[in-house]
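> Sequence and predicted structure below; questions after.
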Amino acid sequence: METLGEREEGAYSRVQEARNPKRPYTNDLLEAVFDDFVEIHGDRRFADDPAMVCGFAKLGRFEVAVAGQQKGRDMNQRRFRNFAMPKPEGYRKALRLMKLAEKFGRPVITFVDTPGAYPGIDAEERGQAEAIAFNLREMASLRVPVIVVVLGEGGSGGALAIGVGDRVLMLENAVYSVITPEGCAAILWKDAAKAPAAAAGLRLTADDLKKLGIIDGVIREDFGDGSWVMPDEGSASDDERFAALREILTKELSELTQTDPEQLLKKRYEKFRAMGRWVE
């Protein structure tokens, strides 16, 4: 039986793995999994947000809309992408894409990888909380299939703002939580060093969340050479992982696109209403 210490160490190691700068990012998947990606820019209200990448692409026989948070691999890229912490214009750009997808009947695929929404004063002044809340409501009522994939960090409302979908999937070493373990430890114990204990208590790993019914599936990463990191040059294992992800997304789309829109909305509503329900 797993001890408490082993559980804490295991959960926090997943957090550290999710933050590995060599893990695949949204732009990596747009290049390796999709074809003919065409990016859109701007929210038509304030500015373009590089932390959120949005556009249309092809996935096999499907034409889809894709939105995802994008981190950077070096300091210049990280600053440009604001460390994958979108501002209100980023979430409004994503919603603009989704509304276009709904208008033209294209499924939506989102990739979640953010420590959280940007908490700066300028973002608050432009309605950060309102932008996130509006996305939650509108995504719940989209009349096209929505697939969500958590790539790395799924942090709080910043992740959930593009996380309402008919299928919510996670990579094996991704995490999804209302708060970072360090932030939770600082609040509970006034000691960020207790982050491993917080990570275990938060139940933020893919396997935990699958058991709790928060997500629908776990995408395994181990193809014989450990977890998924992007080397300087592509490897056979990377090709296998990209191919596996493409196959999973295509299979889910094949099923969801056969579902009547009214049934799609009903099932999506019931799925999220059931989360957190306490049964004795």
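Nice, I can see it. These numbers come from a predicted model, not from an experiment. Numbering: from 1, shown residues only.
> Just the C-alphas of the lengthiest strand in the chain, formatted as CSV.
When the chain is parsed with DSSP state E, its longest strand is strand 146-155. Extracted in CSV, the C-alpha atoms of strand 146-155 (Å, rounded to 0.1, in the frame of the first residue of the first chain):
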residue,chain,number,x,y,z
VAL,A,146,-16.0,20.6,-27.9
ILE,A,147,-12.9,18.6,-26.9
VAL,A,148,-10.5,19.8,-24.1
VAL,A,149,-7.0,18.5,-23.6
VAL,A,150,-5.0,19.5,-20.6
LEU,A,151,-1.3,19.4,-21.8
GLY,A,152,0.6,20.5,-18.8
GLU,A,153,-0.6,22.9,-16.0
GLY,A,154,-4.4,23.4,-15.7
GLY,A,155,-4.5,26.3,-13.3
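> got a list of contacts for the helix or strand following that strand?
Next helix or strand after strand 146-155 toward the C-terminus (DSSP states H and E): helix 156-160. Helix 156-160 is contacted by residues 69, 85-86, 112, 114-118, 129, 132, 136, 150, 153, 176-179 when judged by CB atoms under 8 Å, 6 or more residues apart in numbering. Placement of C-beta: from N, CA and C, glycine included.
> What about those, which are in strands?
Per DSSP E, these map to strands at 69, 112, 114, 150, 153, 176-177.
> Now rank these by neighbours and give me the top one.
Most neighbours among the ones in strands among the contacts of helix 156-160, by other CB atoms under 10 Å: Q69, with 34 neighbours.
> Quick check: bridge partners of that residue?
Bridge pairing for Q69 (DSSP bridges) gives the partners M52.
> check contacts around it.
Q69 touches 26, 51-53, 84, 86, 90, 111-114, 158, 162, counting by CB under 8 Å, 6+ apart.
> For D238, state which of these is nearest.
T26 (15.7 Å; CB to CB).
> quick one: the closest one and G154, what's the gap?
13 Å (CB to CB, to the nearest Å).
> same deal with C184?
15 Å.
> what about the two, which has more around it?
G154 (30 against 21).
> What residues are bridge-paired with that one?
Per DSSP bridges, the residues bridged to G154 are T114, Y176.
> Does it touch V175 like I think?
Yes: between G154 and V175 a contact is recorded at 6.3 Å, counting by CB atoms under 8 Å.
> returning to what we had before: overlap in contacts, T26 and G154.
Common contact partners of T26 and G154 (CB under 8 Å, 6+ apart): D113.
> so where do the helices sit in the stretch 151-280 of the chain?
156-160, 181-189, 195-202, 206-212, 236-256, 261-273 (DSSP state H, counting those that start in this stretch).
> residues in contact with the nearest residue to R92 once chain neighbours are set aside?
The shortest distance from R92 to any non-neighbouring residue, by CB to CB, 6 or more residues apart in numbering, is to D43 (3.7 Å). If you count contacts by CB under 8 Å, 6+ apart, D43 has them with 49, 88-90, 92-93, 96.
> Centre-most residue in the chain?
With distances taken as CA atoms, centre = their mean, the residue of the chain nearest its centroid is V112 (1.7 Å).
> So G55 belongs to a helix, correct?
No: applying DSSP: H, G, I helix; E, B strand; the rest coil, one finds G55 to be strand, outside a helix.
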